[in-house]
Every structure is written in C-alpha cells, then in structure tokens.
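Asks: Below is the sequence, then the predicted model.
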Amino acid sequence: MLSRVAETIYWLGRYVERAENTARLLRVNAQLVMDTPRGVSPGWEPLIQIAGLQDRFAQCCDDANERNVVRYLIGAGDVPGSILFSLGAARENARTVREILPRSAWESLNELYWYSKDHAQQGVSKKGRDAYLDAVIRGSQELQGVFASVMYRDDAHRFLRIGRSLERADMTTRIIDVRSTDLFDEEQIESQTLDALQWISVLKSLSGYQSYRRVRETRVRRSEVLAFLLQDPAFPRSVAHCLNGVEESIGGVGNGQRVLRRLRTVIRKTTSLNVVKLSQQELHKFLDDVQLGVMRVHQEVANTYFLLQYDTSQSQSQSQSQVQVAG
C-alpha cells in the first residue's frame, strides 16, 4: 500500500470518530445540565477543554455559554474539533481513496456530511439539537458498521482501525480528565447524588452506562468507573481495548517494532494502574502521561508509515489539525 493512501485512510478513521465523539459530548452535556438541580450547573466550558480548543475559542467568543459552545463545536468549519470540520475532512480523505473503500461507505459518509452541513442551524437551536446530534451519531455508527461488515481485512482496514482507536483512546482520557474534576460544590446537600450524576455523565459520554451496570453490578462510583473506562479490555471505548486494537493492527501491518515499543509502554502504564488509591492529582498526571503516550504513538506511526516515502505536505497539514485538537 502507498504511504499516501495509508495516511489518508488513517485520518479518515480519526475524523469520523472525532465527529461522533463531539456529537456525543454535546448530547450528554445538554442532558446533564437538565438533570442537575436549579442553581447548580456543570456549564459548557468543559466541552471546549475536552476538545483542547481553549485558545482558539477565546479568540472568537468572550463567553463560553451554551449557544456559543454549541455553535462552535457544530458549525465552525475551520475548527479541527467541530462536527462540520471533522466530517468535511473525512469526506475529502474518503474521496481520494474511493477505489479502496466499499461504495456504500462513501455513500454513507457523503450523505452524513451533507446532512450535517445543511442542518447545522437546526443543531444549534435547542428545539432541533437532539434530532441533529442523534442523526450525526447514527450516521457515524452506520458508517462504522459498513466498515466492520463489508470492508476487506487488509492493510487499509488496519490503518482505518489504528486511526479510529487512537482517536477514541485520546478522547476517553480527555473526558475522564475534565469530568473527573469536582463540578459541584462539596458542601451541597445533594453532593453524593451529584457525584454519582457526574460519573454517570462520564459513562454516558462514552456510551458505557448500560454496559457498566450490567458488568459491574454495583452502584456508580469513582474507582469502579475508572477501572471500567481505563482497564476493561472488553468495553470498546476503554483505553485498554483501544490500545490493544492498535497493537493487533500494527502486528498485521508489520515493520512496526518502534511503534509497538511506544505503544506497549502506554499499555503497561494503563493496566498496572491502581485506581482505588488514586488521588485526583495522581489521576490528572496519569491521564496527561497517557495522552502524551498516545501522541507519541501517533507520531511513531507517522514516522514509520507515512512521512519518509513521499512529500510530507499532506501529513504536516493533517498532523497540525491533530496537534491543535490535542492541545
């Protein structure tokens, strides 16, 4: 496979995953705001922090209120973390490798992009937001279903999976990092209830609430949620599952010894973590280390498979978008 093609498919996987994650965050945050008691609100600024876009957002908006944040993350076509930018970039990457992708995948992605663009104003409004975000999530899942069910299991599929898994692992750590901080005043009478609500919102942001309740069979609490989202190899959005998927795909591609060394360092750090005795400061440092580790794995993938065999202008452009989102 040509390096340019491999990189294009890798970024296709990342951008589709990024669009879905952004839609999930907006959807769950709106529900969390409605579920909290009057006068107590988690606000909307944490979504900008999760996306790593604080500096860019500050340049265009003075206040991180609901309308500004939603408009920014849905319809800002020049913002790497927004839904429109992500789907537009995914569509452009897919267009250049249409002969490799299943035809139904291109059709699904093209339809999803035009829907998200034509109905962006509907998504910004409170009345139409839920329907818009649900459509983006369903469209992304439909596309992933096409990839899973009919795409040939060759290097193209492996690079798609590598991109998707690294993006998902990075987003999982970001959601945990921002949402694990105390959103509510500990002196609130309902502090224990609000704490559980906070961790439920973390699980729902990653579509893990139902799986958590079925597998853990315990109330929602910090240590159990952290173990589930960081270390459970059977949950598709856990960090452990994502990194294991990257490892398997790199093994299939071959010639990835340096990538695997980087990757296995992050895997060992994640699986050996004792979440029960972890303070908030230690958790924050750990998540920072994992995010840096994921970025190093990404860079090693680029150095090994993308950058050395052709003009790097596209890779630099794509990587710049990733750096901006990673913050």
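Replies: It's in.
Asks: how near is Lys277 to Thr8?
Replies: 44 Å (CB to CB, to the nearest Å). C-betas here are computed from N, CA, C, even on glycine.
Asks: Between the two, which is the more surrounded one?
Replies: Neighbours were counted for Lys277 and for Thr8 using other CB atoms under 10 Å; Thr8 has more, 24 against 8.
Asks: where does the more buried one land on pLDDT?
Replies: Thr8 is assigned 97 on the pLDDT scale.
Asks: how many other residues sit next to the nearest residue to it once chain neighbours are set aside?
Replies: For Thr8, the nearest residue in space outside its immediate sequence neighbours is Asn93; the separation is 4.8 Å by CB to CB, 6 or more residues apart in numbering. By other CB under 10 Å, the residues close to Asn93 number 24.
Asks: element containing Asn93?
Replies: helix 83-96 (DSSP states H and E).
Asks: Distance from that helix to the middle of the chain?
Replies: Chain-centre distance of helix 83-96: 16 Å, with CA atoms, centre = their mean, to the nearest Å.
Asks: helices and strands around that helix, which ones?
Replies: helix 3-35, helix 66-75, helix 103-118 (3 or more CB pairs under 8 Å, 6 or more residues apart in numbering; DSSP states H and E).
Asks: Give me the contacts around it.
Replies: Contacts of helix 83-96 with the rest of the structure, by CB atoms under 8 Å, 6 or more residues apart in numbering, involve 8-9, 11-12, 15-16, 18-19, 22-23, 73-80, 101, 105-106, 109-110, 112-113, 116-117, 120, 123, 136, 321.
Asks: and the residue positioned nearest the centre of the chain, what does it touch?
Replies: In the chain, the centroid-proximal residue (CA atoms, centre = their mean) is Met171; its distance is 3.6 Å. Met171 sits next to Glu17, Arg18, Asn21, Ile50 when contact means CB under 8 Å, 6+ apart.
Asks: Let me know the closest of these to Ser140.
Replies: Glu17 (7.7 Å; CB to CB).
Asks: Could you give the number of residues near the residue nearest to that closest one when sequence neighbours are not counted?
Replies: Excluding the flanking residues, the one nearest Glu17 by CB to CB, 6+ apart is Glu167, at 4.2 Å. Using other CB under 10 Å, Glu167 is surrounded by 26 other residues.
Asks: Then the one 10 residues further on?
Replies: Asp177: 19 surrounding residues under other CB under 10 Å.
Asks: surely it meets Lys285?
Replies: No. At 10.2 Å, Asp177 and Lys285 do not qualify as touching, with contact defined as CB atoms under 8 Å.
Asks: Can you pull the poorly scored residue ranges out of the stretch 201-327 of the chain?
Replies: For the stretch 201-327 of the chain, the stretches flagged by pLDDT under 70 are 308-327.
Asks: Beyond the helix or strand encompassing Ile162, next helix or strand please.
Replies: Element membership for Ile162 (DSSP H and E) is helix 155-179. Sequence-wise, the next helix or strand downstream of helix 155-179 (DSSP H and E) is helix 191-205.
Asks: Could you check the helix or strand harbouring Arg262 and say which residues are buried?
Replies: Counting by DSSP H and E, the element that carries Arg262 is helix 257-271. Going by neighbour count (16 or more other CB atoms under 10 Å), the buried part of helix 257-271 is Val259, Leu260, Arg262, Leu263, Val266, Ile267, Thr270.
Asks: residues near Phe85, how many?
Replies: Per other CB under 10 Å, the neighbour tally for Phe85 reads 22.
Asks: Thought Asp170 was touching Asn21, still the case?
Replies: No. The criterion here is CB under 8 Å, and Asn21 misses it with Asp170 at 9.3 Å.
Asks: ok, how many other residues are close to Asp289?
Replies: 15.
Asks: Assign a three-state SS to it, would you?
Replies: Secondary structure, DSSP: H, G, I helix; E, B strand; the rest coil: Asp289 is helix.
Asks: thinking again about what came up before, CA atoms only: put the helix holding Arg262 into PDB for me.
Replies: Taking Å, rounded to 0.1, in the frame of the first residue of the first chain, the C-alpha atoms of helix 257-271 are listed here in PDB:
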ATOM      1  CA  GLN A 257       8.700  -2.600  16.100                       C
ATOM      2  CA  ARG A 258       9.300   1.000  17.100                       C
ATOM      3  CA  VAL A 259       5.600   1.700  17.200                       C
ATOM      4  CA  LEU A 260       4.900  -1.300  19.300                       C
ATOM      5  CA  ARG A 261       7.600  -0.300  21.800                       C
ATOM      6  CA  ARG A 262       6.000   3.000  22.300                       C
ATOM      7  CA  LEU A 263       2.500   1.500  22.400                       C
ATOM      8  CA  ARG A 264       3.300  -1.200  24.900                       C
ATOM      9  CA  THR A 265       4.800   1.400  27.300                       C
ATOM     10  CA  VAL A 266       1.300   3.100  27.400                       C
ATOM     11  CA  ILE A 267      -0.500  -0.300  27.700                       C
ATOM     12  CA  ARG A 268       1.700  -1.300  30.700                       C
ATOM     13  CA  LYS A 269       1.100   2.100  32.400                       C
ATOM     14  CA  THR A 270      -2.600   1.700  31.900                       C
ATOM     15  CA  THR A 271      -3.100  -1.900  33.000                       C
END
